[in-house]
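Colleague: Predicted model follows, preceded by the sequence.
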Amino acid sequence: MRYLVVPTRSRRPQTERAAPRPGHADSIPPQPKDIEEVRPHESLDDGTPASVYEPSARPFPSKLLTPEYPAHFEVRKVSTNGGIRWNHAWVNLSHVLGGEYIAFEEIADDIWAVRFGPVPLGWFHVRLGCILDDDGNSTRKPKRRAP
């Protein structure tokens, strides 16, 4: 096997980048401390963000509680790969919900409203074996409607 050897004279010489001009935006990158504590902001009446910051009074929980659902809801745990079993059939939801409990509420024959806590996710059609969104789409890339 032969290798092509490129002579060094055909390569472009590497040039050094010129130093930024004094006062140019690239010369001194803004530091987070400067932005938050030193630089005044017009929207804050020339105050700094650090001077008006107040930490939240509500403590953030280290772990969110599992949602509770009424007794007439059908509750299923989403697997880590984003689906559930319904009558031995696989139904895809989202891997984002992996490990969470979702609820199904029957609203008509073979049609169930799907919820995660107070958040409605869509409608599960048993005959189709899929969950549809508000527009009736079951895919991640919904079909566009004709104008």
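Modeller: Arrived safely.
Colleague: okay, CA-based contacts and neighbour counts for the rest of this
Modeller: OK.
Colleague: And for S138, the neighbour number?
Modeller: 20 (other C-alpha atoms under 10 Å).
Colleague: ok, now I131?
Modeller: I131 has 22 nearby residues by other C-alpha under 10 Å.
Colleague: what about the strands in this structure?
Modeller: Applying DSSP state E to the chain gives strands spanning 74-77, 83-86, 89-92, 101-108, 111-116, 119-125, 130-132.
Colleague: what mean pLDDT would you report for the first one?
Modeller: Average pLDDT, strand 74-77: 94.
Colleague: List the neighbouring strands of that strand plus their orientation.
Modeller: strand 101-108 (antiparallel) (DSSP bridges).
Colleague: Kindly report the same for the third one.
Modeller: Its sheet considered, strand 89-92 pairs with strand 83-86 (antiparallel) by DSSP bridges.
Colleague: what number of residues lie near the closest residue to E74 other than its chain neighbours?
Modeller: Distance criterion C-alpha to C-alpha, 6 or more residues apart in numbering; nearest residue to E74, sequence neighbours excluded, is F104 at 4.9 Å. Per other C-alpha under 10 Å, the neighbour tally for F104 reads 21.
Colleague: Kindly report the same for G98.
Modeller: Quick note: G98 (other C-alpha under 10 Å) scores 16 neighbours.
Colleague: Next, the contact list for it, please.
Modeller: For G98, the contact set (C-alpha atoms under 8 Å, 6 or more residues apart in numbering) comprises 77-83.
Colleague: Swap in 6 Å and give it another go.
Modeller: Residues in contact with G98 (C-alpha atoms under 6 Å, 6 or more residues apart in numbering) are 78-80, 82.
Colleague: Distance of the closest residue to it other than its chain neighbours relative to F116?
Modeller: Spatially, and ignoring its direct neighbours in sequence, G98 is nearest to T80 (4.1 Å; C-alpha to C-alpha, 6+ apart). For T80, the distance to F116 (C-alpha to C-alpha, to the nearest Å) stands at 16 Å.
Colleague: Could you do A71 as well?
Modeller: 15 Å.
Colleague: Compare those two (neighbour count), which wins?
Modeller: Set A71 next to F116 and count neighbours by other C-alpha under 10 Å: F116 wins out with 18 against 7.
Colleague: Kindly reformat the strands of the chain as JSON lines containing distance to L64.
Modeller: Shown next, in JSON lines, are the strands of the chain (distance: least, C-alpha to C-alpha, whole Å):
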{"stretch": "strand 74-77", "distance to L64": "16"}
{"stretch": "strand 83-86", "distance to L64": "21"}
{"stretch": "strand 89-92", "distance to L64": "24"}
{"stretch": "strand 101-108", "distance to L64": "12"}
{"stretch": "strand 111-116", "distance to L64": "13"}
{"stretch": "strand 119-125", "distance to L64": "15"}
{"stretch": "strand 130-132", "distance to L64": "25"}
